[in-house]
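> everything below, folded, please.
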Amino acid sequence: MSLSKEERGLLRALAERYMEHALSAQNNENRRLWRSLNDGVMLKPMVAIDQMPWNELNDDGSLSCAVTDPYFRRIEWNLRSEIYKWERLPADMVLNPYVLLPRPIANTGYGIRNEYEATARTDAGGVVSKRYVNQFKEPEDVEKIKTPRISIDRESEARLFDEAKEIFDGVAPVKPGGVVLHLGFWDWIAQWMGVENCYIELMDRPEMMHAIMERLTAATIDEIEQINALGLYDVNCNMCHCSYTFSDALPSEDCDRENPTSRDGWGFGMAQLFTSVSPQITAEFEVPYMQRIFKHFGAIYYGCCDRLDDRLDIIDRMPNIRKISCSPWSDREAFAANLPKKYIMSNKPSPAFLAETSFDEDAVRADLRRTIAAAQKHNLRLELLLKDISTVKHDPSRLSRWSEIAKEETLHTVP
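Model prediction:
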């Protein structure tokens, strides 16, 4: 066994505390509300918080991990962080009533490593700003993109899972995790070329940019087929891109839970780079490729920080999308007016409110009310996902208060 008696006891104690919350009536109610939202009936706007500045939140030491084994330390962190969120800033979060076990899956990637120059660093030496090196200077450089190769170490998985089952026996069930695919090609291209170079080549050599997208599309479809053949797609985490995905529709009734595929799960796509280009660029350089890829999934969450209110009719051309991101860069009133009612309006409240010199609760409340009013006016289903939180000025109470305010505002909302 890789863990000491003390480490095993620590994990069991954390799992006991986790399961107490996961089996609570409030957790069951939150799950019911998310399921209803995702399946077509909003009982209230739903709220979740993710992607937090964990380095600023460990004020009481409850986030400090003690397990030395890397695999089980990851499980320890997941338990600690989920417990922290539930006890301090739960909003409408849901805890799965089991311990999710990462699988030893290997992915060779597309064969390109990011090259960059650090242009700014933190006081601790961490990189906070990068200038990416263009690795696609000529059309023949497109051939650098390779097809990912997916594999899993079944022997290691069996050993790790057996140990986990023994550790958590009588305390918590365990279930395997899996792959949730990130389909935001333009995020990667921007890092392989640099943002300015991408914009220039879209104008000067569009044929090369199409060749890059064609190469990535073919490689990714092959990757999806490999993942499905190995039965590695995720159907147990119940999250995609910080949004809860509980639904009666997915996984389907005939899903092989031992060998799940992408058709029973969620993927997420985005083209954040295209915030600064015309909708026609999205139509030409994103839509045709994602039309071929998205059809392999049960559902798609689309968008992130990109502005989409001016091109929702174009996004609507891609299949299997269920939720569309309304970022702080979108005009939320225009977004709500133009969003077809079959989609969930997935609003991203600005995290900037948490980064001000002082925390303005009135401003937070007014911002949430504006979004809720826009969605109500057009009878839309709404979720509010606070994410990409870079700082809370080392004041964790700001997140707790934001959670409380959001709950108050959404509980007062009648669809």
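
> quick one, what contacts the residue positioned nearest the centre of the chain?
By CA atoms, centre = their mean, the chain has its centre lying nearest to H241, at 1.8 Å. Counting by CB atoms under 8 Å, 6 or more residues apart in numbering, H241 makes contact with F268, Y301, C304. Bear in mind the C-beta positions are built from the backbone N, C-alpha and C, glycine included.

> among the residues you listed, which one has the most neighbours?
Neighbour count (other CB atoms under 10 Å) singles out Y301 as the most crowded of those, with 26 neighbours.

> let me see the confidence value for that residue.
Model confidence at Y301, given as pLDDT, is 98.

> other SSEs contacting the one helix or strand it maps to?
Here Y301 sits within strand 299-302, counting by DSSP states H and E. For strand 299-302, the packing partners by 3 or more CB pairs under 8 Å, 6 or more residues apart in numbering; DSSP states H and E come out as strand 266-269, strand 321-326.

> packing partners of the last one?
Okay, so that is strand 321-326. So strand 321-326, by 3+ CB pairs under 8 Å, 6+ apart, packs with strand 299-302, helix 312-315, helix 332-338, strand 344-347.

> flag every buried residue along the third one.
The neighbour-count check on helix 332-338 (16 or more other CB atoms under 10 Å) flags R332, E333, F335, A336, N338 as buried.

> check the offset of that helix from the chain's centre.
23 Å (CA atoms, centre = their mean, to the nearest Å).

> show me what that helix is packed against.
Packed next to helix 332-338, using 3+ CB pairs under 8 Å, 6+ apart, are helix 312-315, strand 321-326, strand 344-347, helix 361-377.

> now the terminal residues of stretch 258-278, how far apart.
44 Å (CA to CA, to the nearest Å).

> average pLDDT for that stretch?
97.

> now swap in stretch 289-298 and tell me
98.

> just the strands in the stretch 151-300 of the chain please.
174-176, 239-240, 243-244, 266-269, 299-302 (DSSP state E, counting those that start in this stretch).

> for the ones you listed, which one sits closest to P260?
P260 lies closest, by CB to CB, to one member of those: strand 174-176, at 9.3 Å.

> what lines up beside that closest one in the sheet?
Strands that pair with strand 174-176, judged by DSSP bridges, come out as strand 99-101 (parallel).

> now do the partner strand: everything it contacts.
With CB under 8 Å, 6+ apart, strand 99-101 has contacts from 15, 18, 75, 78-79, 160-161, 164, 168, 172-177, 236-237.

> among those residues, which are in helices?
Within the contacts of strand 99-101, membership in helices is found for A15, Y18, I75, N78, L79, L160, F161, A164, F168, as judged by DSSP state H.

> what sits against the fourth one?
Neighbour list for N78: L100 [criterion: CB under 8 Å, 6+ apart].

> the nearest residue to M290 once chain neighbours are set aside: neighbour count?
In space, and not counting its chain neighbours, M290 is closest to M318: 4.9 Å by CB to CB, 6 or more residues apart in numbering. Using other CB under 10 Å, M318 has 20 neighbouring residues.

> cool, and L101?
Counted with other CB under 10 Å, L101 comes out at 21.

> rewinding a little: tabulate the contacts of H241 (TSV), appending distance to S62.
Converted to TSV, the contacts of H241 look like this (distance: CB to CB, whole Å):
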residue	distance to S62
F268	30
Y301	30
C304	30
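
> which member of these is positioned nearest D39?
With CB to CB as the yardstick, the closest approach to D39 among those comes from Y301, at 15.5 Å.

> isn't N27 right up against Y18?
No. When contacts are counted by CB atoms under 8 Å, N27 is not listed as touching Y18 (10.6 Å).

> higher neighbour count, the two?
For N27 and Y18, the more surrounded residue by other CB under 10 Å is Y18, and the numbers stand at 23 against 19.
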